[in-house]
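*Asks:* Attaching a predicted model along with its sequence, questions to come.
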Amino acid sequence: MKGFDPATLRTQSRSRMRTALGALALSAIWLALLFSYSDAVLDRFGVRGFLIAAGLAILTIVLAAMNSILGAPKCPHCRTRLVGPLLPTAIASGKCGSCGKALEG
Ligand SMILES: [Zn+2]
């Protein structure tokens with residue numbers, strides 16, 4: 001079945017993981033800077049500006065997490081999303097880690 005080639009699955013999951021980690025790293029740096037200079041930010045932009053800036057970083061983390069979960073392939077048999085430990089199982093064995101049926105064909 002198209003889209004369940006193990007090599008393609010691996011490439012896609014790595015690319016999604018890189019995007020998620022990149023977004024996480026940027027958000028962590030953003031939050032660290034924001035809290036390091038919280039006095040200056042609060043003086044300049046007030047509490048609302050501070051909360052918006054912190055909210056943007058948190059929103060980025062949430063969107064990155066949603067992207068990596070919602071972008072994950074589904075098993076054609078049981079419709080389980082192949083995320084977490086199910087994905088390496090599917091890549092290594094070519095079978096769904098939930099129902100055990102072959103993903104290809
Ligand atoms: Zn399945």
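*Replies:* Cool, got the structure. All figures in this text were calculated on a predicted structure; none of them were measured in a lab.
*Asks:* which bits of this structure sit near the ion?
*Replies:* Counting by Cβ under 5 Å from the ion, the residues of the chain close to the ion are Cys75, His77, Cys78, Cys96, Ser98, Cys99. To be clear about C-beta, it is placed using only N, CA and C from the backbone, and glycine gets the same treatment.
*Asks:* What residue, apart from its backbone neighbours, is nearest Lys101 spatially?
*Replies:* His77 (4.5 Å; Cβ to Cβ, 6 or more residues apart in numbering).
*Asks:* same question, Phe4
*Replies:* Leu103 (4.3 Å).
*Asks:* Who are the contact partners of the one you found?
*Replies:* Met1, Phe4, Cys75, Pro76, Ala90, Gly94, Lys95, Cys96 (Cβ atoms under 8 Å, 6 or more residues apart in numbering).
*Asks:* give me that answer again for 10 Å
*Replies:* If a contact means Cβ atoms under 10 Å, 6 or more residues apart in numbering, then Leu103 has 1, 3-6, 9, 73-77, 82, 90-91, 93-97 as its contacts.
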